[in-house]
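A.B. asks: would you be able to build a 3D model of this:
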Amino acid sequence: MVCHQALDLVGMEPDDCIDAVHEVVGAAAMLDMAIEADIVLTF
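C.D. replies: Residues are numbered from 1 along each chain as shown. All right, here's what the predicted structure looks like:
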């Protein structure tokens, strides 16, 4: 899963992501999941 706004920030499109990325979500959804997660990986 990847945040659409993060892709925009680095000039990437969803097709540029690795095959393990199955879903592109918005910032609000990503923040909601990050709050509940035990670990959050960032770039």
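
A.B. asks: tell me which residues are up against the top helix by length along the chain.
C.D. replies: In the chain, assigned by DSSP state H, the helix with the most residues is helix 27-36. Outside helix 27-36, the residues that touch it by C-beta atoms under 8 Å, 6 or more residues apart in numbering are Met1, Cys3, His4, Gln5, Ala6, Val25, Val40. No exception for glycine: its C-beta is placed from N, CA and C like everyone else's.

A.B. asks: run the last query once more with 10 Å
C.D. replies: 1-6, 23-26, 40-42 (C-beta atoms under 10 Å, 6 or more residues apart in numbering).

A.B. asks: point out where this structure drops to low pLDDT.
C.D. replies: The chain contains residues with pLDDT under 70 at 43.

A.B. asks: tell me the contacts of Val25?
C.D. replies: By C-beta under 10 Å, 6+ apart, the contact list for Val25 reads Met1, Val2, Cys3, His4, Gln5, Leu31, Asp32, Met33.

A.B. asks: measure the nearest residue to the fourth one once chain neighbours are set aside to Asp38 for me?
C.D. replies: Of all residues beyond its chain neighbours, the one nearest His4 is Val24 (5.1 Å), with distances taken as C-beta to C-beta, 6 or more residues apart in numbering. Here the distance between Val24 and Asp38 works out to 23 Å (C-beta to C-beta, to the nearest Å).

A.B. asks: ok, Ile18 next?
C.D. replies: Taken as C-beta to C-beta, the span from Ile18 to Asp38 is 22 Å.

A.B. asks: try Ala6
C.D. replies: According to C-beta to C-beta, Ala6 and Asp38 sit 20 Å apart.
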